[in-house]
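1. next input, structure requested:
(chains A and B)
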Amino acid sequence: MKRITSRFAMLIATAAVLPLVIYGVVSLWSLRTGTQQSVRDGNLNVAMRAADQVHLYISNNVAVLKALGAELRGTQLERWQQDRILKNYVLDFPEFRELTFFDAGGAPIASSRAGKPELTIPAGDAAVRESFSISGVSIDDDLLPTTTIAVRLPASEDEAGGWLVGELSLEQLWRMVDQIRVGREGYASLVSDEGRLLAHGHPDQKRNIASGRIMHEHAMAAELRAGREPSKEYTDENGTVLATGALVKSLGWSVIVEQPTREAYAITRQLERQLLVAIGLALFITIVFGIVWGRGFIRRVFALRRGTLALADGRLDERVAIGGQDELTELADAFNTMADRLVELQENVRRQERQAMFGKIAAGLVHDLSHPIQNIGNSCKLILKMWEDGEYRDTFRRTVDRELQTVKRVLEDLKNIARPIPLERFPLDVNRSVGEVIEAMLPHAEMAGLTLKAELANEPLFIEGDVFALGRVYRNLIINSIQATAPGGLIVAATSRQGRSVQIRFYDTGCGIPADRLHAIFDDFMTTKRRGLGLGLAISKKIVEQLGGSVTVASEVGKGTTFVLEFPETAARPMPAAVAG
Amino acid sequence: MSQSGPSAFKITLTRPSALLLSDLASGGVNITHGSGASSAGTGPFIIESRDDKRIAMRRFEGFRGGNPAIQRIELNAFPTVRNAWAALMRGEIDSLYEVGPDAADFVSGESSVQTFTFLRSYIVTLGFNLKHPVLRSKEVRRALNRAIDRDAIVRAGFRGHGRPAQDPVWPQHWASSNATPRYTYNREAAALGLASAGYATPRASRDKVPSRFSFRCVVYQPLERIALMVQKQLYEIGVDMEIELAGNVDLGRRLGTGNYDAYLYWLTTARSFTWPYLFWHSPEPGRPVFLQTGYSAADATLEQVRYAANDGEFRIAVAAFQQVMHEDPPAVFLAWEERMRAVSQKFEVTGLEPGRDVIASLWRWRPAEAKAAASTR
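-> Take a look at the predicted model:
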């Protein structure tokens, strides 16, 4: 049987806890994937913006060179003027280490250098076809990355073609990359198309620039070159890193933004913790509320159950006290009303029973006492007339004594019903006590036309008993048999040993007792006769049981009735006088 | 000179010399065990061996300051800063002697090294040949001093890692005077000065820079960018300075023979006053000639410096020298350059006096592990 508490626990689990747990798991998953994607997108956006800035920086310098080339060629400047312009330009824009103007054949025309120019025009057909070219990146003696940009100046009607070549320090790119910070530990780096590390925001990584580190093995750079997903997580000597990258347009360089995942996803983890705490708190509150509410509900159900069981147990004064204003309260109120009603009904029944009992007792008393009182009254009237008759006076005395004995016995029976019968227990021989009663009752049996006999055991049977009380029991049973047996019938009293018990059986060939009344014949005021209190068998049973014995009855209507008395045998023996007695 | 004890000798001078003690302390004097023998050593380290690329030194346990923690030092020459830096990063060397202004930011960001900046006692100087027909004019030289924006040169040429100069006295020299008049950048005043000296408004020319006059400047190659800046500033007042790049040896030879109009070079002043004396004093018998300039205006004040009998006289003499250098400038003193030294974090640098070169405290360095071990004991 499942208890209601178990059902309630399952109800809370399925109705509140389980949905909350499922909601929590789904929310955590959504939060994690959503915020991590957001972080990746944010870092990717940083990388893309940085790539745009790098592209813009290079494009601007190319544009500057083109504009400068146009100025040098289209304004009929003297060589010293061109020289001056280039020198001033280098001084004003220090990212240009050298600017040299070449003719189409590669001979220097003007230069920012005081000495011999170190730059040359780009070699190869591809370079000549393009309007500009950018060389690979190299690290100079001052540890700075430099590149060479060559702008081709097309020939015109007045002037031959030429080249303007500039050596560009990429130090400014360092500044740009240095300024790119993601969180406290996220840095950006710039990798050339050859895989050379050009810039790195982390101070300790700058040594890799000076050492000309080739980063082909870098996971993110390889991904970008292969055109794959621009974000990736990998683990290096510093732990797990989230890397995002973007290609710099037209240059093939890569901007890579790296951030330790412990920092990148710190907010994610914080939100997860907060969500976990919130869900845990909600679960706790749900469970606590469920327990409190469930206990309140179950307590009221239990109160109803206790009341019902008490009622079933006969404790009609038990009431159910539960608060609230719901159906359970109505049920409890109805229950209490029902209990009140039951009490009233029980009182009514008891009152009626008392009234019936009182009527029965009154009727019995009237019956049992009216005859002796009437006899005494009649005798008194006669004694006034026959006072002189000495024989009658003796008759009067015997009659009055007999009837008073009868009255006294009736009153004694009533008293014995209400309290324990005072008994004196002595060892006695059952054969002797039964025999004496049979002998005393023989005249009564004969008057009724019945045969009364004793079938006694061959040996004495001793029990602890009160010889006078037992005599009363025997007489009760024999009188009942005499009254229930038609003339010519038989009444027998038999004794025997049954193991360690002594058995006395009284059986007759009387009318018998109907089966439906057999179970109540030992009750108080129960009689099958038309008159009398009906206390004989009740008192007999009480005496037998007080002496440690038992009494049973078997009867068949029309055949007869058998009463069996059984007492424990005793090893004690009566005193000689009593035996003789 | 006579020996006065097992490790002491006595020098008797005919007249006071303020430069002698500082010369002895600055390494100008080498004490050996005998003629041609190895150095006996008086400092914390003694040279064991040397060749073109490497000098090996061991500690001198009798050094008066105490026993250096570093037992042995090797000085290696690298062709470029990058090579030296890479060697430092690989742990092959423990200290980088000198980092230029361009690489200073780069190096100072590295967490495995500690960096120390100091003001070098070298001055970037645009010196003039006083035998040049134009440059021998004091008014011209004064005008050129006003035409130079020293602050701009320090800012753009040295990336701020330097200090504008006014005269050849190292600002951190104990006797240096701040009371000397200074040249401030004033292009109009410079142009007026040149005009009053007879060099009027520049004439236009098709194939040449229009100029009041021109001169050719021999420039030490690493100073090319500074030369371009000076050239531009002089051009703005109509002076054409042609630049001729030269190496160290060639430049030294030309200065010694007077084969130049002007020069742009690092001049050392050191902590002693011997170098300014030798450089700016008129040639004397028995002394090396560093500069064939014919400059004699400072002779008297340099003599005062040399024969100063006490610190007070020395200070007065130095101030007088600075005054002469301002009134009759033989050069445009451009800037004192800051330099950086990088030392591995493997060493704990202690006993460094403010403003001093970290190399001067080399004998006090000790391994950082020793410090860590000492602190845990």
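
2. so where is the chain shaky, pLDDT-wise?
-> I'll assume chain A. Along chain A, segments meeting pLDDT under 70 span A:1-2, A:74-75, A:124-130, A:211-213, A:215-217, A:418, A:524-533, A:576-581.

3. wait, I meant chain B there
-> In chain B, residues with pLDDT under 70: B:26-30, B:33-41, B:204, B:270, B:293-294, B:370-377.

4. which element follows the longest strand along it toward the C-terminus?
-> The longest strand of chain B (DSSP state E) is strand B:113-128. Next along the chain after strand B:113-128, taking DSSP states H and E as the criterion, comes helix B:138-147.

5. give me the angle between that following helix and strand B:113-128.
-> 150 degrees (axes from the mean of the first three to the mean of the last three C-alpha atoms, to 10 degrees).

6. got the CA positions of helix B:138-147 in CSV?
-> Output of helix B:138-147 as CSV, limited to C-alpha atoms (Å, rounded to 0.1, in the frame of the first residue of the first chain):
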residue,chain,number,x,y,z
LYS,B,138,81.0,83.8,-34.7
GLU,B,139,77.8,85.6,-35.8
VAL,B,140,77.0,82.9,-38.3
ARG,B,141,77.6,80.1,-35.7
ARG,B,142,75.4,81.9,-33.2
ALA,B,143,72.7,82.3,-35.9
LEU,B,144,73.0,78.6,-36.7
ASN,B,145,72.6,77.7,-33.0
ARG,B,146,69.3,79.7,-33.0
ALA,B,147,68.1,78.0,-36.1
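
7. what is the subsequent helix or strand relative to that helix?
-> helix B:150-152.

8. gap between the helix or strand following that next one and the chain center?
-> Using DSSP H and E, the next helix or strand after helix B:150-152 towards the C-terminus is strand B:162-164. Put simply, strand B:162-164 sits 12 Å off its chain's centre (C-alpha atoms, centre = their mean, to the nearest Å).

9. anything in the longest strand of chain B near chain A?
-> No. Using C-beta under 8 Å from any C-beta of the partner chain, strand B:113-128 stays clear of chain A, with a minimum separation of 9.5 Å. Every C-beta, even on glycine, is put in place using the N, C-alpha and C of the backbone.

10. and that strand, which strands flank it?
-> Within its sheet, and counting by DSSP bridges, strand B:113-128 is paired with strand B:262-268 (antiparallel), strand B:331-344 (antiparallel).

11. now these as TSV including mean neighbour count?
-> Shown next, in TSV, are those (neighbours: other C-beta atoms under 10 Å in any protein chain shown):
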stretch	mean neighbour count
strand B:262-268	22
strand B:331-344	22
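
12. put together JSON lines for those, with distance to residue A:433 on each row.
-> Below are those laid out as JSON lines (distance: least, C-beta to C-beta, whole Å):
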{"stretch": "strand B:262-268", "distance to residue A:433": "155"}
{"stretch": "strand B:331-344", "distance to residue A:433": "129"}
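
13. and residue A:547, which of these is closest to it?
-> strand B:331-344 (118.3 Å; C-beta to C-beta).

14. dump that closest one to PDB, keeping only the CA atoms.
-> Only the C-alpha atoms of strand B:331-344 are listed here, as PDB (Å, rounded to 0.1, in the frame of the first residue of the first chain):
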ATOM      1  CA  ALA B 331      79.400  73.900 -32.800                       C
ATOM      2  CA  VAL B 332      75.700  73.400 -32.400                       C
ATOM      3  CA  PHE B 333      75.400  71.000 -29.400                       C
ATOM      4  CA  LEU B 334      72.200  69.200 -30.300                       C
ATOM      5  CA  ALA B 335      71.400  66.600 -27.700                       C
ATOM      6  CA  TRP B 336      72.500  64.200 -25.000                       C
ATOM      7  CA  GLU B 337      71.100  60.800 -25.900                       C
ATOM      8  CA  GLU B 338      69.500  58.400 -23.400                       C
ATOM      9  CA  ARG B 339      70.300  54.800 -23.800                       C
ATOM     10  CA  MET B 340      69.000  51.700 -22.300                       C
ATOM     11  CA  ARG B 341      70.700  48.600 -21.000                       C
ATOM     12  CA  ALA B 342      68.800  45.300 -20.600                       C
ATOM     13  CA  VAL B 343      69.700  42.800 -17.900                       C
ATOM     14  CA  SER B 344      68.200  39.400 -17.500                       C
END
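
15. quick one: closest of the strands paired with strand B:113-128 to residue A:140.
-> strand B:331-344 (17.4 Å).

16. ok, then the element right after the closest one?
-> strand B:347-348.

17. which neighbouring elements make contact with that following strand?
-> strand B:366-367, helix B:368-376 (3 or more C-beta pairs under 8 Å, 6 or more residues apart in numbering or on different chains; DSSP states H and E).

18. how is the chain divided into domains?
-> Picking chain A for this. Chain A breaks down into these domains under automatic domain parsing: A:4-168, A:174-264, A:422-580.

19. could you do chain B instead?
-> If you go by automatic domain parsing, chain B breaks into B:42-119+B:340-376, B:121-337.

20. if residue A:244 is in a bridge, with which residues?
-> residue A:231, residue A:257.

21. that one: neighbouring residues, count only.
-> 29 (other C-beta atoms under 10 Å in any protein chain shown).

22. thank you kindly, that will do.
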